[in-house]
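**Student:** Sequence and computational prediction follow.
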Amino acid sequence: MQGCLRGTRGTWCGRSLDLADHMFGDLVTTSLARDILQQFLADGIVTCEDNNPGDGNATPLALTTAYDDAVAHAFNAPPDKSTPEPKTRYRWGWREFPTTPIDKNELVVFLNSIADIALSFTGEIRKDDPLQPKNRFAASVDKHHAIPLSYESDGEEMRPDFMVLPLTAFSDERVLELKEAHVNFTTMLLVGESKSASNARDGITRVQRYIGGSIRARSWLKFAIGMSVGKDLVTLLRADNSGIERIEMTLTDGRGCIEFIRTILGIVLADEKEFGRNPEIDIEEKDVSLDVYELSTANTGTNTATSGTAPATPHAAPAAPPTSSGRRSSRTRNPTARSNPPSVNQPSATSSTGITSDNTATGSKRGPDDEKSPEKGSKKQKRTVVFRAFVPARVYGRECAGVLFTSASIRGRGTTVYVVEGVDSGQKYSALKTSWLDVHFADRHAAVLAKLSRAQPHDNVIIPKELLDHKENSTLGSIRGFLGDEIQKCSVENRILTVTTSNLQRPVAYFWSPHDFVRGMIGALLGHEYLWEIGILHCDISENNIVLSLHPGGFGALIDFDMAIVRPATMPTPLPAKSVREVTARLVGSEYRPPERLPASDEEAQRTGTTPYMSIGVLRGKPHTHFDDIESFLYVLVLFFLSYKGPLTVDELKQARGRGFIQPVGMGRLPHITTWPAMIGQWRSGTVKEMSKHKAAILGAEHREEFITDCLPHIRSRWEPVSQSTSIAVSTLVSDCWMTFSLDNRKVTHSGFVGVLKAWLDEYKGEEANYKYPFE
């Protein structure tokens with residue numbers, strides 16, 4: 001078998017480095033798989049040929065060679081150099097394996113038949129303790145819709161060719177009639193793609209994307225499984241927060257055939273634990289009603305159709321988008337305001353397929369503008385479908401209301417925040433966060449939490465409480481099964497699971513006026529200043545780490561200390577303030593021009609993780625300072641006004657407060673979220689050198705006004721439908737802040753930035769009277 005395992009696992013000795021053996025070895029031994037293969041040979045299911053047709057012992061010798069290779073590979077046995085290379089080469093084959101192009105239905109029939117025949121054979125061997133299947137391979141019977149609840153954003157197609165579902169997804173275990181309601185990403189135990197030989201690598205890339213959707217939809221997983229099937233090649237992938245492992249099984253090779261049998265049989269026998277279920281999270285079934293939109297006719301016969309499911313937000317569960325007809329904002333709308341210009345969808349780039357894949361998607365991405373989604377009057381047809389979804393019910397012993405935020409991912413921290421019933425705070429709800437920290441940051445994180453626990457409480461800092469010590473839950477240890485000395489030699493980061501609780505606050509997406517958001521920024525800056533005074537540097541400023549007050553007129557706060565470090569307590573040196581309003585007035589007062597429409601390939605800038613918020617110095621690899629964090633606050637402010645089209649309606653905000661700000665499964669992205677313009681793409685794509693160079697240029701004297709001139713039309717196109725006065729106000733704020741950082745060479749103090757924000761609140765306080773506070 002060529003290249004049985006790609007990546008790090010092949011660098012260690014003394015344990016099984018066979019992924020199939022590690023996952024399913026307790027269910028299907030190598031010897032059992034050999035015996036099944038022998039029976040397959042006898043029944044003609046599998047064929048074996050050699051380069052010496054006259055050799056009557058070819059089949060027994062081939063089987064022995066395959067078994068010896070499989071055993072040696074499983075335990076990484078060194079090759080016996082005293083034994084000469086065999087002169088005989090065997091070519092194996094599977095008679096019923098679908099020919100290319102592989103039909104997904106034929107493939108599912110083939111995989112299930114292999115599992116059934118293997119189970120029948122094992123039943124004869126283990127009459128007293130027969131193996132009972134728990135799962136089956138399946139393909140969606142609906143050819144006109146993408147599979148929902150994937151958390152995938154920007155309308156990308158998330159339609160695996162085949163999947164593995166529990167037997168409960170079938171109405172009859174013998175006939176195996178698939179229940180349509182169970183076909184969604186919360187129920188799939190494995191996602192798969194079939195490709196011809198020329199597209200085998202593309203199949204692996206697609207599976208990685210499907211796995212990402214599976215991890216985000218099923219937050220209770222420690223890892224997720226995928227499979228790619230091509231001509232004579234089957235690849236099994238397992239993804240966790242350290243990256244991706246995979247094993248490639250060549251079906252023309254004897255060892256590959258044994259591994260294939262172990263894998264297929266193991267998949268149908270495995271329970272939830274083998275598929276990555278975290279035993280500390282209980283799940284329950286729930287009916288979810290969705291409006292599903294037809295895929296375009298031109299794409300239904302291909303694997304490139306646009307998904308009918310809507311993108312998720314940092315606070316959203318996945319689903320089709322709700323229609324916005326009849327929607328009213330918390331702001332009195334201008335009846336003559338024009339609608340936002342339409343936006344064109346741009347799929348995100350796929351990542352490498354190696355073991356240390358950067359297919360992270362560590363933050364939910366902004367979705368397409370509403371005008372691109374099927375709305376009332378659209379030619380696309382829709383129908384309402386009730387899906388049977390799995391949702392978290394209890395998380396680490398706490399009753400769970402739902403998911404507040406998820407950036408669950410392949411590699412990275414994979415943070416998920418649950419809303420649970422109050423934990424020692426007297427509140428109705430609390431926030432419980434799970435995150436996979438790099439083990440090298442664990443001591444640093446513990447030191448920060450210890451320092452915070454000794455510090456005086458601060459209104460603008462939400463201090464987490466560590467719920468449990470989960471150092472025994474590590475990606476390389478508890479998931480991949482490496483031993484202590486092996487972990488130390490590993491070049492891939494080892495990540496440990498941390499679980500913390502804190503008081504539930506209001507996410508930024510649920511702002512009720514621009515002023516509400518600005519007060520949130522002020523509070524977060526004050527909290528950051530306090531942290532710096534007591535010797536802590538946050539190091540991870542982003543929209544997701546700022547929360548808004550639950551009280552009218554209150555300031556916001558700073559949360560999430562996963563990346564924070566302990567620093568010597570010192571105060572920043574104040575820098576002289578410089579006037580910027582003269583430049584701002586000229587730029588904001590210039591004649592309005594709509595943002596230029598770009599080609600579809602350049603239209604959307606995808607949002608992933610916190611890269612867009614990184615300061616120029618951090619991108620350049622310089623030591624992290626408090627000035628870097630303050631610069632990140634600037635990017636939060638600019639991107640906020642490019643991300644939203646005004647607040648939600650009063651009723652929507654009231655309902656969100658009542659459910660703890662979670663979104664029900666199937667609700668989809670929040671309707672006021674829009675895309676970032678393509679000009680922001682340079683903030684998160686390319687090399688860090690390119691990103692830092694771009695930001696330095698647009699904050700420099702030569703290009704700062706050019707950036708504001710290009711940015712303001714996009715802000716106005718989003719906020720002018722709310723009101724023209726709001727559009728002018730927020731444009732003024734963005735210009736003031738951008739010029740402040742440019743003129744001060746990015747060395748803006750906490751008080752300097754807070755002063756600009758408070759001055760704006762005072763100047764435009766009358767504008768807030770047009771909004772209604774919804775949380776009385």
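**Tutor:** Nice, thanks for sending it over.
**Student:** Can you give me the pLDDT of residue 756?
**Tutor:** Per-residue pLDDT puts residue 756 at 96.
**Student:** tell me the secondary structure for it?
**Tutor:** Following DSSP: H, G, I helix; E, B strand; the rest coil, we place residue 756 in the helix state.
**Student:** Can you verify my assumption that it contacts residue 739?
**Tutor:** No. Counting by CB atoms under 8 Å, residue 756 stays clear of residue 739, with 9.5 Å between them. C-betas here are computed from N, CA, C, even on glycine.
**Student:** quick one: the helices in the stretch 351-500 of the chain?
**Tutor:** Counting by DSSP state H, counting those that start in this stretch, the stretch 351-500 of the chain has helices at residues 439-454, 484-489.
**Student:** For stretch 529-541, which residues meet the burial criterion?
**Tutor:** Judged by neighbour count (16 or more other CB atoms under 10 Å), stretch 529-541 contains these buried residues: 529, 530, 531, 532, 534, 536, 537, 538, 539, 540, 541.
**Student:** now, which of these sits nearest residue 620?
**Tutor:** Nearest to residue 620 out of the buried residues of stretch 529-541 is residue 539 (CB to CB; 15.2 Å).
**Student:** ok, the closest one to residue 708 distance?
**Tutor:** Residue 539 is 28 Å from residue 708, where distance means CB to CB, to the nearest Å.
**Student:** Residue 740 now?
**Tutor:** Residue 740 is 12 Å from residue 708, where distance means CB to CB.
**Student:** which one of these two has more residues nearby?
**Tutor:** The neighbour comparison of residue 740 against residue 708 (other CB atoms under 10 Å) goes to residue 708, with 24 against 21.
**Student:** wait, doesn't the more buried one sit right on residue 733?
**Tutor:** No. Applying CB under 8 Å, one finds residue 708 not in contact with residue 733, separated by 11.7 Å.
**Student:** For residue 286, grab the count of nearby residues.
**Tutor:** By other CB under 10 Å, the residues close to residue 286 number 15.
**Student:** Now do the same contact list for it.
**Tutor:** 388, 389, 390, 391, 665 (CB atoms under 8 Å, 6 or more residues apart in numbering).
**Student:** can I get those residues in CSV with neighbour count, distance to residue 448 and pLDDT?
**Tutor:** Listed next are those as CSV, based on neighbours: other CB atoms under 10 Å; distance: CB to CB, whole Å; pLDDT from 0 to 100:
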residue, neighbour count, distance to residue 448, pLDDT
388, 18, 42, 90
389, 26, 37, 91
390, 21, 35, 93
391, 20, 32, 93
665, 25, 34, 78
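**Student:** okay if I get those as CSV plus distance to residue 50?
**Tutor:** Shown next, in CSV, are the contacts of residue 286 (distance: CB to CB, whole Å):
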residue, distance to residue 50
388, 50
389, 51
390, 49
391, 54
665, 55
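**Student:** just those now: which is nearest residue 187?
**Tutor:** Using CB to CB, residue 390 comes nearest to residue 187 of the contacts of residue 286, at 6.0 Å.
**Student:** need the contact list for that closest one.
**Tutor:** Taking CB under 8 Å, 6+ apart as the test, what residue 390 contacts is 186, 187, 218, 283, 284, 285, 286.
**Student:** can you rerun that using 7 Å?
**Tutor:** Neighbour list for residue 390: 186, 187, 283, 285 [criterion: CB atoms under 7 Å, 6 or more residues apart in numbering].
**Student:** of all those residues, which two lie farthest apart?
**Tutor:** It's 187 and 283 that sit farthest apart of the contacts of residue 390, by CB to CB, at 10.3 Å.
**Student:** Those two: which has the busier surroundings?
**Tutor:** Using other CB under 10 Å as the criterion, residue 187 and residue 283 rank with residue 187 on top: 24 against 20.
**Student:** Tell me if the more buried one really is in a strand.
**Tutor:** No. Counting by three-state DSSP, residue 187 is not found in a strand; it is coil.
**Student:** hmm, who's touching stretch 682-701?
**Tutor:** Outside stretch 682-701, the residues touching it (CB under 7 Å, 6+ apart) are 608, 611, 612, 616, 619, 620, 703, 704, 707, 741, 742, 746.
**Student:** Okay, the fourth one and residue 643: tell me how far apart.
**Tutor:** Spelled out, that is residue 616. Distance of residue 616 to residue 643, computed by CB to CB: 21 Å.
**Student:** With residue 456 instead?
**Tutor:** Between residue 456 and residue 643 the distance, using CB to CB, works out to 34 Å.
**Student:** Can you pull out the low-pLDDT segments for the stretch 301-450 of the chain?
**Tutor:** 301-382, 423-426 (pLDDT under 70).
**Student:** rerun at 50
**Tutor:** 301-329, 331-379 (pLDDT under 50).
**Student:** for the chain, same thing?
**Tutor:** 1-16, 56, 77-84, 153-155, 296-329, 331-379, 571-578, 595-609.
**Student:** Next up, phi/psi of residue 277, please.
**Tutor:** phi -60, psi 130 (degrees, to the nearest 10).
**Student:** what's the residue nearest to it when sequence neighbours are not counted in contact with, if anything?
**Tutor:** Leaving aside its sequence neighbours, residue 277 sits nearest to residue 220 (CB to CB, 6 or more residues apart in numbering; 6.0 Å). Contact partners of residue 220, counting by CB under 7 Å, 6+ apart, are 277, 278, 281, 283, 392.
**Student:** Now, of these, which are buried?
**Tutor:** Buried subset of those (neighbour count, 16+ other CB under 10 Å): 277, 278, 281, 283, 392.
**Student:** in the sheet, who's paired with the closest residue to the last one other than its chain neighbours?
**Tutor:** The shortest distance from residue 392 to any residue other than its chain neighbours is 4.7 Å, reached at residue 400 (CB to CB, 6+ apart). The residues listed as beta-bridge partners of residue 400 by DSSP bridges are residue 420.
**Student:** Tell me, how many residues neighbour residue 400?
**Tutor:** Neighbours around residue 400, by other CB under 10 Å: 23.
**Student:** quick one: residue 245 and residue 236 touch, right?
**Tutor:** No. Look at residue 245 against residue 236 with CB atoms under 7 Å: they stay out of range, at 8.8 Å.
**Student:** Quick check: neighbours shared by the two?
**Tutor:** residue 19.
**Student:** Kindly indicate which of the contacts of residue 220 lies nearest residue 628.
**Tutor:** Nearest to residue 628 out of these is residue 278 (CB to CB; 34.6 Å).
**Student:** Contacts made by stretch 453-462 with the rest, please.
**Tutor:** Applying CB under 7 Å, 6+ apart, the contact partners of stretch 453-462 are 502-503, 505, 523-524, 526-527, 530-531, 534, 547, 555, 557-559.
**Student:** if we go to 10 Å?
**Tutor:** Contact partners of stretch 453-462, identified using CB atoms under 10 Å, 6 or more residues apart in numbering, comprise 431, 452, 463-466, 502-505, 520, 522-531, 533-536, 538, 545, 547, 549, 554-561.
**Student:** Next: stretch 42-49.
**Tutor:** Contacts for stretch 42-49 (CB under 10 Å, 6+ apart): 36-41, 58-63, 66, 89-97, 113-114, 117-118, 121, 251-252, 254, 257, 260-261.
**Student:** Pull out the buried positions in that stretch.
**Tutor:** Neighbour-count burial for stretch 42-49, with 16+ other CB under 10 Å as criterion, is recorded at 45, 46, 48.
**Student:** and if you look at stretch 166-184?
**Tutor:** 166, 169, 170, 176, 178, 179, 181, 182, 183, 184.
**Student:** tell me the two of those that are most distant?
**Tutor:** Within the buried residues of stretch 166-184, 176 and 184 form the most distant pair, 18.2 Å apart (CB to CB).
**Student:** right, and the helix or strand after the longest helix seen in the chain?
**Tutor:** Ranked by number of residues, the top helix in the chain under DSSP state H is helix 104-125. Later in the chain than helix 104-125, the nearest helix or strand by DSSP states H and E is strand 135-138.
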